[in-house]
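Trainee: Turn this into a model:
(6 chains)
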There are 6 protein chains.
Amino acid sequence: MSYKEIAEKTKKTAELYFKGITGEKPYELWRAFDKDLAKDLSLFITGQMYAREKIPHKTRQLITVAALTVLARADELKLHIQAALNVGCTPEEIAEVIFQTFVYGGIPSTNLALKTLKSVLEEKGMW
Amino acid sequence: MSYKEIAEKTKKTAELYFKGITGEKPYELWRAFDKDLAKDLSLFITGQMYAREKIPHKTRQLITVAALTVLARADELKLHIQAALNVGCTPEEIAEVIFQTFVYGGIPSTNLALKTLKSVLEEKGMW
Amino acid sequence: MSYKEIAEKTKKTAELYFKGITGEKPYELWRAFDKDLAKDLSLFITGQMYAREKIPHKTRQLITVAALTVLARADELKLHIQAALNVGCTPEEIAEVIFQTFVYGGIPSTNLALKTLKSVLEEKGMW
Amino acid sequence: MSYKEIAEKTKKTAELYFKGITGEKPYELWRAFDKDLAKDLSLFITGQMYAREKIPHKTRQLITVAALTVLARADELKLHIQAALNVGCTPEEIAEVIFQTFVYGGIPSTNLALKTLKSVLEEKGMW
Amino acid sequence: MSYKEIAEKTKKTAELYFKGITGEKPYELWRAFDKDLAKDLSLFITGQMYAREKIPHKTRQLITVAALTVLARADELKLHIQAALNVGCTPEEIAEVIFQTFVYGGIPSTNLALKTLKSVLEEKGMW
Amino acid sequence: MSYKEIAEKTKKTAELYFKGITGEKPYELWRAFDKDLAKDLSLFITGQMYAREKIPHKTRQLITVAALTVLARADELKLHIQAALNVGCTPEEIAEVIFQTFVYGGIPSTNLALKTLKSVLEEKGMW
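Mentor: Numbers count the residues shown, from 1 in each chain, chains lettered A, B, ... in the order given. This is a model prediction of the structure:
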């Protein structure tokens, strides 16, 4: 892929996943520290990792929710629950994934993730 | 659900996921320490958690792979990569999930998981 | 054990551990997402795991405090420090356990847990 | 406490906990890199932390087992399961603690810890 | 080293690292629970670990920032970013270390650490 | 930077860090699963992250050692201890960094990292 193609994929993928999400976006945070690196990170993460199509976007986001849940990364999870809803995951599917991770990561991270999901659904008037 | 129904679901789900897998099975390990608790754990984890059908089994196992990868639990991952193949996930899909988790859990756990996947595929003559 | 016996044990154990604690209880959170699963989780965790009597309840809760401290799960720790006080652990014992975990989990999680303990003791007028 | 008192406590506590354990002892490893620091670490960890008597040694070691289990630190756990047996914990109590941590740290670390416990009991002819 | 020498080193090192930092200091927290142990911890951590001179203080603090970032310990990181600035690390160097850890610990902990760095710089009027 | 410049930087940086190291290299592992992604990962991690010059290569590798130590990623640490020696870190500096991380990540991960360092030094005839 040419640089231009990656840049286009990055833009398109960012639109799909992160349209309308609330909270400080990682890209803006990176950019405040280092513009060039922010670009490199964005092109790599969004344009080269998320843009891949070997698994459906819905599956990709459920996987992200699972990983962030067991790692107990609440801020990042909030962004990615919004992204999961953006690509078509239902609240029920997201909750199911979070419940399942209890077996691997323990109930405390499940509970933290459920609270995060609840807060996103409340903000969106979906609760 | 009655106890009998849960026991049947446990058996059926265990068959589906864990048929033919190599390595010490957790159930046998639990049983060596405490028979009653082994049964409780098995009925709960296999019969009440894995047996749920709100997401497809394939998705469930990809989620398990993601969680075990970022937690760097290699032994458990080996069992669940075999289970993922059992429920129909392809090696390509499993690899894709492992690669994706780099973004959330870092490259060392991705590398450990890829080595684990490679070893399973080698054992099965699929490499 | 019959289902009815487990349900009774769950109720009795929940009373013992969680009576009068503040903050959203996990059971209520689970229930808001999935009533049946909330029941399964509650019967398993409270009725089948916590209700076991191979070690005294006091020891069990000190172990819970140790696990939650090194995992740095502050919300869950807050609930379980209250539960530890409910089953008869003293603030000094709880603090001692938290201090000891420094050796295994590092001082940052010790500090987080001590702050959590302090906040519980303040709320209860025990500080 | 004077330096001499701490040194005596260190020696006495090390005897109590680590007598006859197999595997490379941390103190020897530290010493191979830095003799002075090895001494500082030993006096602090063994003489000032483990030697404390606010909770019984048995409770202290069960707590150590819990912390090491959820952190999935198998090598260190092996040493401390031996230490737990040295101070009077039974295999049943140790197994119970490991099973309980499933709720907080997930089943993969429980399984790893049970395997470790089994290997210690086998080495000691207690299996 | 005599006890008196360690005490002097502790005081001098604490001055160097923690002068003027905001937020509850760990020493005060420890002291509120156990005065003797607080002293032991302080003499060991500050007087015997941080006071070592085998690597420059600046390198030591960048290492601390790296460790706290991948462990996602935000409160502790806030103290140690202030300490890093105290011993002469620049905001650019601290940001660089945080960005680099993405490769090992994943982007969520990088993002959390960058937010923490930003908040420290804002408080100090350096943003 | 043009693609060609990044590719050159990747090659040069890989030479500097990873020349002569033993063990399966991550790049080869990635390549066995997905050639294109292996290239993307390599160009990004080696050419865009490691190649940065805002901190000296020696500092960068000590930071890597710190991060991998507290995360307890032994395989990856083995590679990066070799890389640290390649860019000019001494065994004493590496050991010092590992010892220091005890304060943040606990002694079990320090011990694991010291064993790893010892094994690398033994292989290289430096022990």
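
Trainee: C-alpha only now, for contacts and for neighbours.
Mentor: Fine.

Trainee: The strand or helix carrying A:Lys58 packs against which elements?
Mentor: If you go by DSSP states H and E, A:Lys58 is part of helix A:57-70. In terms of contacts (3 or more Cα pairs under 8 Å, 6 or more residues apart in numbering or on different chains; DSSP states H and E), helix A:57-70 is packed against helix A:74-86, helix A:91-100, helix A:107-123, helix B:57-70, helix B:102-105.

Trainee: Including mean neighbour count and distance to E:Asp75, could the ones you listed go into TSV?
Mentor: TSV is the format used below for these (neighbours: other Cα atoms under 10 Å in any protein chain shown; distance: least, Cα to Cα, whole Å):
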stretch	mean neighbour count	distance to E:Asp75
helix A:74-86	22	15
helix A:91-100	21	26
helix A:107-123	21	18
helix B:57-70	26	23
helix B:102-105	26	21
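
Trainee: With distance to D:Ile81 and mean pLDDT added, can I get those helices in TSV?
Mentor: Formatted as TSV, the helices and strands packed on helix A:57-70 follow (distance: least, Cα to Cα, whole Å; pLDDT from 0 to 100):
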stretch	distance to D:Ile81	mean pLDDT
helix A:74-86	34	97
helix A:91-100	30	98
helix A:107-123	25	98
helix B:57-70	25	98
helix B:102-105	30	98
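
Trainee: got those helices as TSV, with distance to E:Leu79 columns?
Mentor: Compiled in TSV, the helices and strands packed on helix A:57-70 are given as follows (distance: least, Cα to Cα, whole Å):
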stretch	distance to E:Leu79
helix A:74-86	20
helix A:91-100	32
helix A:107-123	25
helix B:57-70	28
helix B:102-105	25
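
Trainee: Out of those helices, the one nearest E:Gly125 is which?
Mentor: In terms of Cα to Cα, the element of those nearest to E:Gly125 is helix A:74-86, at 25.1 Å.

Trainee: before we move on, the earlier item: can you name the residues in contact with the helix holding A:Lys58?
Mentor: If you take Cα atoms under 8 Å, 6 or more residues apart in numbering or on different chains as the criterion, helix A:57-70 is touched by A:50, A:74, A:76-77, A:80-81, A:83-84, A:87-89, A:93-94, A:97-98, A:101, A:104-106, A:109-110, A:112-113, B:59, B:62-64, B:66-67, B:70-71, B:97, B:101, B:104-105.

Trainee: switch to 6 Å and redo it
Mentor: Under the contact criterion Cα atoms under 6 Å, 6 or more residues apart in numbering or on different chains, helix A:57-70 has outside partners A:Leu77, A:Ala84, A:Val87, A:Cys89, A:Gly105, A:Ser109, A:Ala113, B:Ile63, B:Ala66, B:Ala67.

Trainee: List just the nearest of those residues to chain E.
Mentor: Nearest to chain E among the contacts of helix A:57-70: A:Leu77, at 8.8 Å, using Cα to the nearest Cα.

Trainee: quick one: the closest one from C:Leu71, how far?
Mentor: Shown here: A:Leu77 relative to C:Leu71, a distance of 18 Å by Cα to Cα, to the nearest Å.

Trainee: mind checking how far A:Val97 is from chain B?
Mentor: 7 Å (Cα to the nearest Cα, to the nearest Å).

Trainee: cool, and A:Phe44?
Mentor: Distance of A:Phe44 to chain B, given as Cα to the nearest Cα: 10 Å.

Trainee: Same check on A:Leu79?
Mentor: 13 Å.

Trainee: same check, this time on A:Gln48
Mentor: Look at A:Gln48 and chain B: by Cα to the nearest Cα, they are 10 Å apart.

Trainee: didn't A:Tyr104 look like it was pressed against D:Gly105?
Mentor: No - at 7.4 Å, A:Tyr104 does not count as touching D:Gly105 under the criterion of Cα atoms under 6 Å.

Trainee: Now the spatially most central residue of chain A. Nearest residue, chain neighbours left out?
Mentor: Centroid-nearest residue in chain A, with Cα atoms, centre = their mean: A:His80, separated by 2.5 Å. Of all residues not flanking A:His80 in the chain, A:Val65 sits nearest, at 6.7 Å (Cα to Cα, 6 or more residues apart in numbering or on different chains).

Trainee: near chain D, which residues of chain A?
Mentor: A:Val103, A:Tyr104, A:Gly105, A:Gly106, A:Ile107 (Cα under 6 Å from any Cα of the partner chain).

Trainee: swap the cut-off to 10 Å and go again
Mentor: A:Val70, A:Thr101, A:Phe102, A:Val103, A:Tyr104, A:Gly105, A:Gly106, A:Ile107, A:Pro108, A:Ser109, A:Thr110 (Cα under 10 Å from any Cα of the partner chain).

Trainee: thinking again about what came up before, ok, which of the helices and strands packed on helix A:57-70 comes nearest C:Tyr17?
Mentor: Using Cα to Cα, these put helix A:107-123 closest to C:Tyr17, at 16.6 Å.

Trainee: So which other helices or strands are in contact with the closest one?
Mentor: helix A:57-70, helix A:74-86, helix A:91-100, helix A:102-105, helix C:26-33, helix C:74-86, helix D:102-105 (3 or more Cα pairs under 10 Å, 6 or more residues apart in numbering or on different chains; DSSP states H and E).

Trainee: can you list those helices in CSV and add distance to E:Lys54?
Mentor: Shown next, in CSV, are the helices and strands packed on helix A:107-123 (distance: least, Cα to Cα, whole Å):
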stretch, distance to E:Lys54
helix A:57-70, 37
helix A:74-86, 37
helix A:91-100, 46
helix A:102-105, 38
helix C:26-33, 48
helix C:74-86, 35
helix D:102-105, 37
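
Trainee: E:Ser42: which of those is closest?
Mentor: helix C:74-86 (23.8 Å).

Trainee: Using CSV, write out every CA atom in that closest one.
Mentor: C-alpha atoms of helix C:74-86 as CSV (Å, rounded to 0.1, in the frame of the first residue of the first chain):
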residue,chain,number,x,y,z
ALA,C,74,-10.0,-0.4,44.0
ASP,C,75,-13.8,-0.5,43.6
GLU,C,76,-14.0,-4.2,44.4
LEU,C,77,-11.5,-3.8,47.2
LYS,C,78,-13.8,-1.2,48.8
LEU,C,79,-16.7,-3.7,48.9
HIS,C,80,-14.5,-6.4,50.3
ILE,C,81,-12.8,-4.3,53.0
GLN,C,82,-16.3,-3.7,54.3
ALA,C,83,-17.0,-7.4,54.1
ALA,C,84,-13.8,-8.1,55.9
LEU,C,85,-14.9,-5.9,58.8
ASN,C,86,-18.3,-7.6,58.7
